[in-house]
Structure formats: C-alpha cells, structure tokens
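Participant: following is a predicted model, sequence given first.
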Amino acid sequence: VQLQASGGGLVQAAGSLRLSCVASGRTFSNYAAAWFRQAPGKEREFVANINWGGSSTYYAGSVKGQFTISRDNAKNTVYLQMNSLKPEDTAVYYCASRVGVRVNYAQYDYWGQGTLVTVSS
C-alpha cells in the first residue's frame, strides 16, 4: 500500500484543518488506518485509528473530542478532521496502514510521507 498525505498548513489557534491520506496499490478496504504525529524534538505519537470498514475508531486522550478520523473506501481515502486547534497540535502528521488496528507506530507496515501542521497562537 502506498500512502499520500495532504492537507497540512498554517492555521491560527482555534481553527480547523482536514487532512487526507490517499491509498493506492492494494485493496485499501482490507486495511486499518491510523494517524500519528511527531512534534519537533519529540517521539512519534498515536493520534487516532480506524478499522477497515470505518465502524470502529479510537483516539488518543489528548485529541478525543477534538479530532475525528473517518474513511471513504470508495475513494481509498482516510481523513483526519482537526478542530479547535492549539499550538501544541503543531507537528508533522503521518498516515499509516496495516491489517488490524493498533496504536503502536512500530506495528504499522505502510506510511505516508507526512504533512506539516503549524498552529500559531
């Protein structure tokens, strides 16, 4: 599976962004997907995941109620809607995929290239 993330950019605090991750190469509906992020000088951290059909989602406590992960298998795309953004949400956001949902980034097989989100105060 090849993944291409997009949608990052510069936004003011309290603003919103929607990230997209388009998959190609294999039947994306067979795979779970997730978003991770990595801030400067910090380790990559789990943000959210979604199962193959979109019926089950899971969020890190730090973004629960603020971010929403979803997918459209007809478009081979997973989304991350980010609302009420804060400066501490600034990071490079990565999409990832594997068979079966996990929260540990080391267990994901396929990765997008990352898209930078910068939230100004």
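Facilitator: Happy to help now that I have it.

Participant: secondary structure class for residue 69?
Facilitator: Secondary structure, DSSP: H, G, I helix; E, B strand; the rest coil: residue 69 is strand.

Participant: name the nearest residue to it, ignoring sequence neighbours.
Facilitator: The shortest distance from residue 69 to any non-neighbouring residue, by C-beta to C-beta, 6 or more residues apart in numbering, is to residue 48 (4.0 Å). All C-beta spots, glycine's among them, are computed from the backbone N, C-alpha and C.

Participant: dump the helix or strand harbouring the one you found to CSV, keeping only the CA atoms.
Facilitator: Secondary structure assigned from DSSP states H and E places residue 48 in strand 45-50. Backbone C-alpha positions of strand 45-50 (Å, rounded to 0.1, in the frame of the first residue of the first chain) are rendered in CSV as follows:
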residue,chain,number,x,y,z
GLU,A,45,2.8,9.6,18.9
PHE,A,46,-0.5,7.9,18.2
VAL,A,47,-3.4,10.2,17.3
ALA,A,48,-6.3,8.0,16.0
ASN,A,49,-7.1,4.8,14.2
ILE,A,50,-10.0,3.3,12.3
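
Participant: which strands or helices does that strand pack on?
Facilitator: The criterion is 3 or more C-beta pairs under 8 Å, 6 or more residues apart in numbering; DSSP states H and E, and the helices and strands that strand 45-50 contacts are strand 32-38, strand 57-59, strand 67-72, strand 77-82.
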